[in-house]
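In: I need the structure of the sequence given here:
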Amino acid sequence: MQAKTTHNKTKYAVVIGGSNIDICATSQNDLGEKTSNPGKITTSLGGVGRNIAENLALLGIDCRLISAVGLDIYGDRIIAQGKEVGINMDHVSKLKHSSTSTYVSILDQGGDMSIAISDMSIAEKINIDNHKTLIERAEIVIADTNIGEPTLTKLIGLMGNQPLIIDAVSDIKAPRVIPHLNSIHTLKVNNSEAISICGENMTLKHMAKILHKKGVKNIFITLGEKGVFYSDGIHQDIIETEPYKVINSNGAGDAFSAAVGFSYLQGWDIFKTAFFAQNAARIALSHENTINPQMSIRAINNLEEN
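Out: Numbering: from 1, shown residues only. So this is what the prediction gives:
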């Protein structure tokens with residue numbers, strides 16, 4: 001099921017969401033509470049929106065990022081490195097009196113996140129007022145729920161006929177989509193985010209039924225090591241994943257969302273989209289940085305062959 005791409009240079013994707021610095025600490029041993037744990041600490045660029053944009057760029061998509069950073073060294077680094085990897089950063093605002101978002105995560109020795117703390121208040125200040133034409137002419141728009149609810153409402157008002165793909169980000173921020181489900185083409189959530197939107201004690205199929213009834217066309221519920229559940233209202237199933245070594249669980253969901261956007265541009269059906277996106281997430285999981293620099297169509301195809 002190798003990916004064959006169809007690109008048109010006039011087509012582009014717009015991603016709206018957070019940009020931040022990721023500080024990731026991985027414990028060498030079992031994590032001990034209220035004590036110092038020996039391990040390894042790495043710093044890399046992050047932010048759900050920014051991560052999605054970089055993964056799209058690595059997959060060869062012309063991508064325009066709408067985001068906000070502070071007037072600080074981290075903000076300068078995000079813009080400079082974004083340009084280096086092929087993201088159009090012309091629409092990233094540098095805001096006075098605000099600090100660039102920072103995300104600190106603590107991973108256990110298996111690479112799974114134990115706890116994280118984020119300072120992402122600047123994402124609430126992302127302004128799309130000056131980007132109406134850019135959004136209207138985009139082939140697809142992908143947004144994360146780090147953006148404020150007023151911005152999400154305004155975005156939906158600017159949308160044309162192109163699909164809106166939403167990455168729900170977290171249990172706390174996922175409910176921001178509830179008033180707008182009828183305007184969302186594709187919703188990507190993990191299981192706990194789906195519960196925060198639909199309610200507890202429901203099967204995956206029941207949650208999908210609720211979301212489809214509200215107007216969402218395509219649904220992807222990622223299940224960690226168990227795979228991904230997908231549904232378009234007609235076809236639905238779980239694609240299980242093969243066992244693999246996790247180096248860093250941060251960024252896997254962002255790679256998945258980018259691959260979903262990529263797949264839409266190729267005109268693929270929901271099964272092929274879910275399969276491709278699941279393998280993109282596996283590529284992301286295999287590197288210590290939030291973004292695996294080896295992310296590519298070829299790398300995903302090679303994974304599918306093995």
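
In: and the most far-flung residue of the chain relative to its centre, which of the three is it?
Out: Relative to the C-alpha centroid of the chain, counting by CA atoms, centre = their mean, Thr35 is the outermost residue, at 32.7 Å. With DSSP: H, G, I helix; E, B strand; the rest coil as the basis, Thr35 sits in coil.

In: Contacts only, for it.
Out: With CB atoms under 8 Å, 6 or more residues apart in numbering as the criterion, no residue contacts Thr35. Glycine gets a C-beta too; all of them are placed from N, C-alpha and C.

In: separation between it and Asn29?
Out: According to CB to CB, to the nearest Å, Thr35 stands 11 Å off from Asn29.

In: cool, and Thr133?
Out: Distance of Thr133 to Asn29, computed by CB to CB: 54 Å.

In: For the spatially closest residue to Ile122 that is not a sequence neighbour, give me the pLDDT.
Out: Leaving aside its sequence neighbours, Ile122 sits nearest to Ser98 (CB to CB, 6 or more residues apart in numbering; 4.6 Å). Ser98 is assigned 94 on the pLDDT scale.

In: Can you tell me the SS state at Ser98?
Out: Ser98 - assigned by three-state DSSP - is coil.

In: any chance you could map the strands in this protein?
Out: Secondary structure of the chain, counting by DSSP state E: strands at 13-16, 20-27, 39-46, 63-70, 88-95, 101-107, 113-119, 140-144, 164-167, 186-190, 218-222, 228-231, 236-239.

In: can you tell which of these is closest to Thr203?
Out: Proximity to Thr203, assessed across those by CB to CB, is greatest for strand 228-231 (9.8 Å).

In: residues of the closest one that come out buried?
Out: Neighbour-count burial for strand 228-231, counted by 16 or more other CB atoms under 10 Å, picks out 228-231.

In: Can you list the residue ranges for helices in this structure?
Out: 48-58, 73-84, 132-136, 149-158, 191-198, 204-214, 252-266, 270-285, 297-305 (DSSP state H).

In: where does the chain dip in pLDDT?
Out: 1-10, 305-306 (pLDDT under 70).

In: My guess is Thr222 contacts Val228. True?
Out: Yes - if you go by CB atoms under 8 Å, Thr222 and Val228 touch, sitting 5.0 Å apart.

In: quick one: common contacting residues for those two?
Out: Joint contacts of Thr222 and Val228 (CB under 8 Å, 6+ apart) are Phe256.

In: who's in contact with the closest residue in space to Arg64 that isn't next to it in sequence?
Out: Spatial nearest neighbour of Arg64, excluding adjacent residues (CB to CB, 6+ apart): Asn88 at 4.4 Å. Asn88 makes contact with 12, 62-65, according to CB under 8 Å, 6+ apart.

In: Let's see that with 10 Å instead.
Out: Applying CB atoms under 10 Å, 6 or more residues apart in numbering to Asn88 gives the contacts 12-15, 53, 57, 62-66, 82, 134.

In: one step back: distance to Ser105 added to the buried residues of strand 228-231, as CSV?
Out: Below are those laid out as CSV (distance: CB to CB, whole Å):
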residue, distance to Ser105
Val228, 22
Phe229, 25
Tyr230, 27
Ser231, 30
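
In: Quick one: closest of the strands of the chain to Tyr264.
Out: strand 140-144 (5.7 Å).

In: burial of the residue lying closest to Met89 once chain neighbours are set aside, as a residue count?
Out: Closest residue to Met89 apart from its sequence neighbours, by CB to CB, 6+ apart: Gly82 at 4.4 Å. A count of nearby residues for Gly82, using other CB atoms under 10 Å, gives 23.

In: Just to check, Gly82 is in contact with Leu56?
Out: No - in this structure, Gly82 is not within contact of Leu56 by CB atoms under 10 Å, at 11.8 Å.
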